[in-house]
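> For reference, the sequence and a predicted model appear below.
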Amino acid sequence: MLDHNDRRIHIVSSRASLAFLAIIALVFTLALTGCESRKTAGGNNSTSAGILYPEPLTGESIRQVIASSMGDSSHLRDATLSGEGQNRTVDVGVDRPTTCEDGSVEATMAVLDQKIMPVLFEYPEVSRVTLTIYGIRQAVKSDDIAIKTSVTRESASKIDWSFFGPMTMSSMVTDYYIDPEILRNSSSVNDGMSMYH
């Protein structure tokens, strides 16, 4: 049986244990909060509303972002970032794959647009993205433009990427160009029906 002094020691000991546990919980909470603050300050841009954005694009990082979005970046020719502030333009050049026939040029472009453009428009400073596939003849590398699409941020906000494809692409992008010979060959492959009109 505990006497009066033993009970007082037991109560003080219990309170000390509770205080110690409370301090550990507080330190742990502060450590977690500090980690989150550092992530926000150093890892992402954020607004006062708490919306997280990726790191700002740079001339060095743009190619890496695009290559990562493409998956297979062996055909990536160039990627440039121009402009300033909230009016940055991204231009992406891709060499036409040697296996890409005229009838599949539009489909190839649609897939690339779907992979690259939504990722780039996650960056708030990007106002326009242009993607160009070079090479009007299959398996012949050249600087001639096979197909080119360009999308502004305003247009991108209206695109439902799940419906984006070779048949809808020309009506969904801001600017569209396809080489006339590829268009003729593509139309003849598809029984005279253009895939994008």
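Sure, I can see it. Residues are numbered from 1 along each chain as shown.

> all helices of this protein, in order?
In the chain, helices defined by DSSP state H lie at 4-38, 59-70, 105-120, 153-156, 169-172, 180-189, listed in chain order.

> List the contacts of the second one.
Contacts with helix 59-70, where a contact means Cβ atoms under 8 Å, 6 or more residues apart in numbering, come from 55, 57, 73, 76, 78-81, 90, 92, 112, 115-116, 119-120. Every C-beta, even on glycine, is put in place using the N, C-alpha and C of the backbone.

> what does the fourth one give?
Residues lying outside helix 153-156 but in contact with it, judged by Cβ under 8 Å, 6+ apart, are 117, 118, 121, 126, 127, 128, 129, 172, 173, 174.

> and which of these is nearest to residue 162?
residue 118 (10.7 Å; Cβ to Cβ).

> Leaving out chain neighbours, which residue sits closest to the closest one?
Of all residues not flanking residue 118 in the chain, residue 161 sits nearest, at 5.6 Å (Cβ to Cβ, 6 or more residues apart in numbering).

> show me what contacts the one you found?
Neighbour list for residue 161: 114, 117, 118 [criterion: Cβ under 8 Å, 6+ apart].

> what about the last one, how many residues close to it?
Burial measure for residue 118: 16 neighbouring residues, criterion other Cβ atoms under 10 Å.

> now swap in the one 3 residues further on and tell me
Burial of residue 121 is recorded as 20 neighbouring residues (other Cβ under 10 Å).

> ditto for residue 99
Neighbours of residue 99 under the rule other Cβ under 10 Å: 9.

> Now do it against residue 93, distance only.
Remark: distance between residue 99 and residue 93 (Cβ to Cβ, to the nearest Å) = 19 Å.

> By mean pLDDT, show me the worst of the helices of the chain.
Mean pLDDT is lowest for helix 4-38 among the helices of the chain, at a mean of 52.
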